[in-house]
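1. sequence? don't have it. structure:
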(Lines give C-alpha, C1' and ligand atoms only; values in the text may rest on other atoms or scores of the structure.)
Protein backbone atom coordinates (compact mmCIF):
# COMPACT_ATOMS: atom_id res chain seq x y z
CA UNK A 1 0.00 0.00 0.00
CA UNK A 2 1.16 3.55 -0.73
CA UNK A 3 0.98 5.39 2.58
CA UNK A 4 1.57 9.05 3.36
CA UNK A 5 2.48 10.16 6.88
CA UNK A 6 1.37 13.77 7.31
CA UNK A 7 3.42 14.98 10.25
CA UNK A 8 6.57 12.92 10.74
CA UNK A 9 7.27 13.75 14.37
CA UNK A 10 7.76 11.08 17.02
CA UNK A 11 4.59 9.06 16.47
CA UNK A 12 4.54 9.63 12.72
CA UNK A 13 8.13 8.42 12.49
CA UNK A 14 7.31 5.22 14.40
CA UNK A 15 4.47 4.51 11.97
CA UNK A 16 6.64 5.30 8.96
CA UNK A 17 9.56 3.16 10.06
CA UNK A 18 7.57 0.03 10.86
CA UNK A 19 5.33 0.32 7.80
CA UNK A 20 8.28 0.86 5.46
CA UNK A 21 10.12 -2.05 7.06
CA UNK A 22 7.09 -4.23 6.26
CA UNK A 23 7.37 -3.38 2.58
CA UNK A 24 4.80 -0.62 2.16
CA UNK A 25 5.64 2.41 0.03
CA UNK A 26 5.79 5.08 2.71
CA UNK A 27 6.15 8.83 2.23
CA UNK A 28 7.04 10.89 5.29
CA UNK A 29 5.83 14.47 4.86
CA UNK A 30 7.01 17.18 7.24
CA UNK A 31 8.46 20.70 7.22
CA UNK A 32 11.25 19.74 9.68
CA UNK A 33 14.06 20.11 7.16
CA UNK A 34 16.86 18.53 9.22
CA UNK A 35 14.76 15.44 10.04
CA UNK A 36 13.71 14.95 6.42
CA UNK A 37 17.29 15.43 5.18
CA UNK A 38 18.65 12.90 7.70
CA UNK A 39 16.08 10.27 6.72
CA UNK A 40 16.92 10.78 3.06
CA UNK A 41 20.66 10.39 3.54
CA UNK A 42 20.99 7.98 6.48
CA UNK A 43 17.59 6.33 6.83
CA UNK A 44 15.16 6.40 9.75
CA UNK A 45 16.22 4.73 13.00
CA UNK A 46 13.35 3.37 15.12
CA UNK A 47 14.22 1.90 18.51
CA UNK A 48 12.29 0.81 21.56
CA UNK A 49 9.52 -1.69 22.12
CA UNK A 50 9.60 -2.87 18.49
CA UNK A 51 13.35 -3.46 18.47
CA UNK A 52 16.10 -1.36 16.90
CA UNK A 53 16.24 -0.89 13.15
CA UNK A 54 17.28 1.64 10.55
CA UNK A 55 14.88 1.76 7.62
CA UNK A 56 15.14 3.34 4.20
CA UNK A 57 11.96 5.21 3.35
CA UNK A 58 10.80 8.20 1.33
CA UNK A 59 10.84 11.59 3.03
CA UNK A 60 9.91 14.98 1.66
CA UNK A 61 8.73 18.49 2.44
CA UNK A 62 7.10 18.72 -0.99
CA UNK A 63 3.81 16.82 -1.20
CA UNK A 64 3.94 16.92 -5.01
CA UNK A 65 6.99 14.68 -4.85
CA UNK A 66 4.99 12.02 -3.04
CA UNK A 67 1.85 12.20 -5.15
CA UNK A 68 -1.52 10.64 -4.38
CA UNK A 69 -1.50 7.97 -1.65
CA UNK A 70 -3.97 5.22 -0.90
CA UNK A 71 -3.84 6.00 2.82
CA UNK A 72 -2.91 9.34 4.39
CA UNK A 73 -2.23 9.22 8.13
CA UNK A 74 -2.55 12.58 9.87
CA UNK A 75 -0.15 12.50 12.84
CA UNK A 76 0.34 16.21 13.48
CA UNK A 77 -0.50 18.10 16.67
CA UNK A 78 -4.15 19.15 16.62
CA UNK A 79 -3.41 22.86 16.20
CA UNK A 80 -1.41 22.12 13.01
CA UNK A 81 -4.07 19.96 11.36
CA UNK A 82 -5.45 22.50 8.91
CA UNK A 83 -2.11 23.84 7.66
CA UNK A 84 -0.60 20.34 7.40
CA UNK A 85 -3.51 18.80 5.49
CA UNK A 86 -3.66 21.77 3.13
CA UNK A 87 0.09 21.53 2.49
CA UNK A 88 -0.27 17.78 1.88
CA UNK A 89 -3.16 18.23 -0.56
CA UNK A 90 -1.29 16.60 -3.53
CA UNK A 91 -1.08 13.39 -1.46
CA UNK A 92 -4.85 13.21 -1.01
CA UNK A 93 -6.89 12.03 -3.99
CA UNK A 94 -10.61 11.51 -4.43
CA UNK A 95 -10.35 7.96 -3.05
CA UNK A 96 -7.58 8.43 -0.48
CA UNK A 97 -8.54 7.22 3.00
CA UNK A 98 -7.56 9.95 5.48
CA UNK A 99 -6.90 8.56 8.96
CA UNK A 100 -6.52 10.89 11.92
CA UNK A 101 -4.29 9.50 14.68
CA UNK A 102 -4.16 12.54 16.96
CA UNK A 103 -4.67 13.35 20.60
CA UNK A 104 -7.63 15.21 22.01
CA UNK A 105 -11.06 16.11 20.68
CA UNK A 106 -12.23 17.77 17.46
CA UNK A 107 -9.72 16.22 15.04
CA UNK A 108 -12.29 14.37 12.94
CA UNK A 109 -14.40 17.49 12.55
CA UNK A 110 -11.39 19.60 11.54
CA UNK A 111 -10.34 17.13 8.83
CA UNK A 112 -13.90 16.65 7.53
CA UNK A 113 -13.93 20.37 6.78
CA UNK A 114 -10.85 19.95 4.57
CA UNK A 115 -11.47 16.70 2.63
CA UNK A 116 -14.41 14.58 1.50
CA UNK A 117 -16.02 13.62 4.84
CA UNK A 118 -16.85 10.14 3.51
CA UNK A 119 -13.11 9.40 3.21
CA UNK A 120 -12.24 10.23 6.83
CA UNK A 121 -11.24 7.50 9.27
CA UNK A 122 -10.71 8.01 12.98
CA UNK A 123 -8.06 6.28 15.04
CA UNK A 124 -6.45 6.26 18.44
CA UNK A 125 -2.93 5.03 19.28
CA UNK A 126 -2.47 3.58 22.73
CA UNK A 127 0.60 2.94 24.86
CA UNK A 128 3.44 4.18 22.61
CA UNK A 129 5.11 7.03 24.50
CA UNK A 130 7.27 8.08 21.55
CA UNK A 131 9.90 10.82 21.51
CA UNK A 132 12.48 12.12 19.04
CA UNK A 133 16.05 11.34 20.06
CA UNK A 134 17.54 13.32 17.20
CA UNK A 135 16.72 14.08 13.57
CA UNK A 136 16.22 10.72 11.87
CA UNK A 137 16.07 8.85 15.20
CA UNK A 138 12.92 8.04 17.20
CA UNK A 139 12.34 6.00 20.37
CA UNK A 140 9.09 4.52 21.65
CA UNK A 141 8.41 2.97 25.06
CA UNK A 142 5.58 0.67 23.97
CA UNK A 143 3.16 -0.23 21.19
CA UNK A 144 -0.07 -1.32 22.81
CA UNK A 145 -2.62 -0.84 20.01
CA UNK A 146 -3.87 1.09 17.00
CA UNK A 147 -7.67 1.36 17.14
CA UNK A 148 -9.49 2.56 14.03
CA UNK A 149 -12.98 3.07 12.61
CA UNK A 150 -14.88 4.79 9.86
CA UNK A 151 -15.62 8.27 11.18
CA UNK A 152 -19.22 7.82 10.01
CA UNK A 153 -19.50 4.48 11.82
CA UNK A 154 -19.95 0.89 10.72
CA UNK A 155 -17.48 -1.72 9.43
CA UNK A 156 -16.43 -1.32 5.79
CA UNK A 157 -14.19 -3.24 3.40
CA UNK A 158 -11.94 -0.18 3.37
CA UNK A 159 -11.38 -0.17 7.11
CA UNK A 160 -10.42 -3.85 7.00
CA UNK A 161 -7.86 -3.18 4.24
CA UNK A 162 -6.35 -0.35 6.28
CA UNK A 163 -6.31 -2.52 9.41
CA UNK A 164 -4.43 -5.27 7.53
CA UNK A 165 -1.76 -2.78 6.44
CA UNK A 166 -1.16 -1.94 10.11
CA UNK A 167 -1.14 -5.59 11.14
CA UNK A 168 1.36 -6.46 8.41
CA UNK A 169 3.61 -3.80 9.92
CA UNK A 170 3.62 -5.43 13.37
CA UNK A 171 0.90 -3.41 15.09
CA UNK A 172 -1.91 -4.79 17.22
CA UNK A 173 -5.09 -3.40 15.66
CA UNK A 174 -8.67 -3.02 16.82
CA UNK A 175 -11.48 -2.22 14.36
CA UNK A 176 -14.62 -0.65 15.77
CA UNK A 177 -18.10 0.16 14.52
CA UNK A 178 -18.19 3.16 16.86
CA UNK A 179 -14.85 4.81 17.67
CA UNK A 180 -16.08 7.37 20.20
CA UNK A 181 -15.94 5.14 23.29
CA UNK A 182 -12.32 4.44 22.29
CA UNK A 183 -11.55 8.14 21.73
CA UNK A 184 -12.91 9.15 25.14
CA UNK A 185 -11.35 6.18 26.89
CA UNK A 186 -7.90 7.09 25.54
CA UNK A 187 -8.54 10.75 26.33
CA UNK A 188 -8.53 9.87 30.03
CA UNK A 189 -4.84 8.94 29.83
CA UNK A 190 -3.94 12.28 28.23
CA UNK A 191 -6.16 14.19 30.63
CA UNK A 192 -4.51 12.48 33.60
CA UNK A 193 -0.86 13.16 32.87
CA UNK A 194 -0.31 15.68 30.07
CA UNK A 195 -0.95 19.02 31.78
CA UNK A 196 0.18 17.86 35.23
CA UNK A 197 3.56 16.75 33.89
CA UNK A 198 3.87 19.92 31.79
CA UNK A 199 3.20 22.22 34.73
CA UNK A 200 5.24 20.41 37.37
CA UNK A 201 8.14 19.19 35.23
CA UNK A 202 7.65 15.68 36.60
CA UNK A 203 7.51 12.42 34.70
CA UNK A 204 4.44 10.20 34.83
CA UNK A 205 5.65 8.00 37.69
CA UNK A 206 6.64 11.03 39.77
CA UNK A 207 3.17 12.54 39.35
CA UNK A 208 1.61 9.28 40.51
CA UNK A 209 3.68 9.39 43.72
CA UNK A 210 2.90 13.05 44.46
CA UNK A 211 -0.50 13.30 46.15
CA UNK A 212 -1.01 16.95 45.20
CA UNK A 213 -0.14 16.49 41.54
CA UNK A 214 -2.06 13.23 41.34
CA UNK A 215 -5.06 14.94 42.90
CA UNK A 216 -5.09 17.50 40.10
CA UNK A 217 -4.84 14.69 37.56
CA UNK A 218 -7.77 12.77 39.02
CA UNK A 219 -9.97 15.86 39.19
CA UNK A 220 -9.40 16.35 35.45
CA UNK A 221 -10.28 12.70 34.82
CA UNK A 222 -13.50 13.00 36.83
CA UNK A 223 -14.55 16.04 34.82
CA UNK A 224 -13.87 14.26 31.51
CA UNK A 225 -15.79 11.19 32.71
CA UNK A 226 -18.75 13.42 33.58
CA UNK A 227 -18.73 14.88 30.07
CA UNK A 228 -18.56 11.43 28.47
CA UNK A 229 -21.48 10.28 30.61
CA UNK A 230 -23.51 13.35 29.65
CA UNK A 231 -22.85 12.57 25.97
CA UNK A 232 -24.10 9.02 26.46
CA UNK A 233 -20.68 7.50 25.79
CA UNK A 234 -19.86 4.25 27.60
CA UNK A 235 -16.15 3.95 28.35
CA UNK A 236 -14.26 0.73 27.69
CA UNK A 237 -13.68 0.15 31.41
CA UNK A 238 -15.91 0.28 34.48
CA UNK A 239 -13.59 2.22 36.80
CA UNK A 240 -11.81 5.15 35.07
CA UNK A 241 -9.73 6.02 38.13
CA UNK A 242 -8.43 2.46 38.46
CA UNK A 243 -7.75 2.30 34.71
CA UNK A 244 -5.78 5.56 34.74
CA UNK A 245 -3.78 4.39 37.76
CA UNK A 246 -2.95 1.11 36.01
CA UNK A 247 -2.01 2.95 32.80
CA UNK A 248 0.37 5.34 34.53
CA UNK A 249 2.15 2.59 36.46
CA UNK A 250 3.14 1.00 33.13
CA UNK A 251 5.00 4.11 31.88
CA UNK A 252 6.66 5.69 34.95
CA UNK A 253 9.54 7.22 32.99
CA UNK A 254 7.40 8.61 30.17
CA UNK A 255 7.35 12.31 29.34
CA UNK A 256 4.04 13.20 27.67
CA UNK A 257 4.23 15.18 24.46
CA UNK A 258 2.75 18.21 26.23
CA UNK A 259 5.61 18.08 28.74
CA UNK A 260 8.13 17.86 25.89
CA UNK A 261 6.52 20.77 24.05
CA UNK A 262 6.59 23.01 27.11
CA UNK A 263 10.19 22.10 27.91
CA UNK A 264 11.17 22.94 24.33
CA UNK A 265 9.24 26.19 24.25
CA UNK A 266 6.69 24.95 21.71
CA UNK A 267 2.92 25.37 21.69
CA UNK A 268 1.19 22.29 23.11
CA UNK A 269 -2.11 20.50 22.51
CA UNK A 270 -3.70 21.82 25.69
CA UNK A 271 -6.49 23.36 23.59
CA UNK A 272 -7.65 20.05 22.13
CA UNK A 273 -7.10 17.89 25.24
CA UNK A 274 -8.16 19.78 28.37
CA UNK A 275 -9.62 22.55 26.24
CA UNK A 276 -11.66 19.96 24.36
CA UNK A 277 -13.19 18.79 27.64
CA UNK A 278 -13.92 22.39 28.66
CA UNK A 279 -15.71 22.99 25.34
CA UNK A 280 -17.77 19.82 25.71
CA UNK A 281 -18.59 20.76 29.29
CA UNK A 282 -19.96 24.11 28.16
CA UNK A 283 -22.16 22.43 25.55
CA UNK A 284 -23.42 19.86 28.05
CA UNK A 285 -23.66 22.15 31.09
CA UNK A 286 -21.09 20.02 32.93
CA UNK A 287 -18.69 21.92 35.23
CA UNK A 288 -14.99 21.51 34.33
CA UNK A 289 -13.13 23.87 36.70
CA UNK A 290 -9.89 21.87 36.98
CA UNK A 291 -9.57 21.39 33.23
CA UNK A 292 -10.22 25.13 32.83
CA UNK A 293 -7.42 25.86 35.30
CA UNK A 294 -5.07 23.54 33.40
CA UNK A 295 -5.82 25.33 30.13
CA UNK A 296 -5.10 28.72 31.69
CA UNK A 297 -1.97 27.58 33.52
CA UNK A 298 -0.38 25.76 30.57
CA UNK A 299 -1.27 28.62 28.23
CA UNK A 300 0.36 31.05 30.68
CA UNK A 301 3.50 28.92 30.68
CA UNK A 302 3.51 28.83 26.89
CA UNK A 303 3.20 32.61 26.76
CA UNK A 304 6.08 32.94 29.22
CA UNK A 305 8.18 30.75 26.91
CA UNK A 306 7.17 32.83 23.90
CA UNK A 307 8.29 36.06 25.56
CA UNK A 308 11.34 34.90 27.53
CA UNK A 309 12.20 31.50 26.06
CA UNK A 310 12.12 28.15 27.89
CA UNK A 311 13.57 28.11 31.38
CA UNK A 312 14.05 31.18 33.52
CA UNK A 313 11.85 34.25 33.12
CA UNK A 314 14.20 36.44 35.19
CA UNK A 315 14.56 39.25 32.71
CA UNK A 316 13.72 42.92 32.98
CA UNK A 317 10.37 43.80 31.48
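-> All right, it came through fine. Predicted model only: the values in this text are computed from it and were never measured.

2. show me where the chain has strands.
-> Ranges of strands in the chain, per DSSP state E, are 2-6, 25-29, 44-48, 51-55, 58-60, 69-74, 92-101, 120-126, 130-134, 137-140, 145-150, 173-175.

3. will you turn the ones you listed into CSV that also has distance to residue 240?
-> From N, CA and C alone the C-beta is placed, and that goes for glycine too. Output for those, formatted as CSV (distance: least, CB to CB, whole Å):
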stretch, distance to residue 240
strand 2-6, 31
strand 25-29, 35
strand 44-48, 28
strand 51-55, 33
strand 58-60, 39
strand 69-74, 27
strand 92-101, 22
strand 120-126, 15
strand 130-134, 24
strand 137-140, 25
strand 145-150, 17
strand 173-175, 19
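
4. got CSV for these, with mean neighbour count too?
-> Shown next, in CSV, are those (neighbours: other CB atoms under 10 Å):
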stretch, mean neighbour count
strand 2-6, 27
strand 25-29, 26
strand 44-48, 21
strand 51-55, 13
strand 58-60, 22
strand 69-74, 26
strand 92-101, 20
strand 120-126, 24
strand 130-134, 16
strand 137-140, 21
strand 145-150, 23
strand 173-175, 17
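
5. residue 225: which of those strands is closest?
-> strand 120-126 (16.9 Å; CB to CB).

6. which neighbours does the closest one have in its sheet, and in what orientation?
-> strand 92-101 (parallel), strand 145-150 (antiparallel) (DSSP bridges).

7. residues in contact with that strand?
-> With contacts defined as CB atoms under 8 Å, 6 or more residues apart in numbering, strand 120-126 is touched by 11, 97-101, 107-108, 111-112, 144-152, 158-159, 162, 179, 182-183, 186, 189.

8. residues contacting residue 192?
-> By CB under 8 Å, 6+ apart, the contact set of residue 192 is 217-218, 220-221, 244, 247-248.

9. these in helices, which ones?
-> Among these, the ones falling in helices (DSSP state H) are 217-218, 220-221, 244, 247-248.

10. what's the closest of the residues you listed to residue 287?
-> Relative to residue 287, the closest of those is residue 220; by CB to CB it sits at 12.3 Å.
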